[in-house]
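1. Provide a 3D model corresponding to the input given below.
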Amino acid sequence: MLHASAKPFSGMSQKPKTRMSSGSSSGDDGGLQLGVHSLPASRREPAAHEKRPHTEEALQFVRALAAFAKPILVLSGGEPLFRPDIFQIAMHGAHQGMAGSAGDQRHVDDERVAHAIVDSGIQRVAISIDGADEITHDSFRRQPGSLAAAVKGFCHLRRLG
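-> Down below sits the predicted model:
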């Protein structure tokens, strides 16, 4: 299931008409921000791929949104980079005129992934830092070295612009 959060900004009189659930979220550019959550795409839940929408469903959803407005397309929920089609979905959004954004906890530490993010049209990436030091962050993530990997991913993306 895709979850959409959309809120019209001033000057917009209607919300997107989708069969997806709605909530509120606001962008910083006066536009419409829409979150597409790929829950529960998580390393901790091996069968998660069975619960997330198929590629064609996600692409249809992006096209339906683009027909209404050109929101910021936020790809998040669980670990979106675990989806094998996440860059296809992001690129489809970019071709539809949407700015792409992604949230991930660690997986940008690979330079190839950083290049794929940029090449797919994703313009913003949120990387979670879950503590003031390595011990706190890594304990929260239950993964030794995860803070160092998050910082490494940030550095890869920063070098790419």
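2. For the chain, which segments are assigned as helices?
-> Here the chain has its helices, by DSSP state H, at 55-68, 86-95, 111-119, 134-141, 146-160.
3. Sort out which residues of the third one are buried, please.
-> The one in question is helix 111-119. For helix 111-119, a neighbour-count test (16 or more other Cβ atoms under 10 Å) marks 113, 114, 116, 117 as buried. Using the backbone N, CA and C atoms, a C-beta is placed for each residue, glycine as well.
4. nearest residue to the third one other than its sequence neighbours?
-> The spatial neighbour of residue 116 that comes closest, neighbours along the chain excluded (Cβ to Cβ, 6 or more residues apart in numbering), is residue 87 at 5.2 Å.
5. contacting residues for the residue lying closest to residue 147 once chain neighbours are set aside?
-> Nearest in space to residue 147, with sequence neighbours left out and distances taken as Cβ to Cβ, 6+ apart, is residue 137 at 4.0 Å. Going by Cβ atoms under 8 Å, 6 or more residues apart in numbering, residue 137 touches 129, 130, 131, 146, 147, 150.
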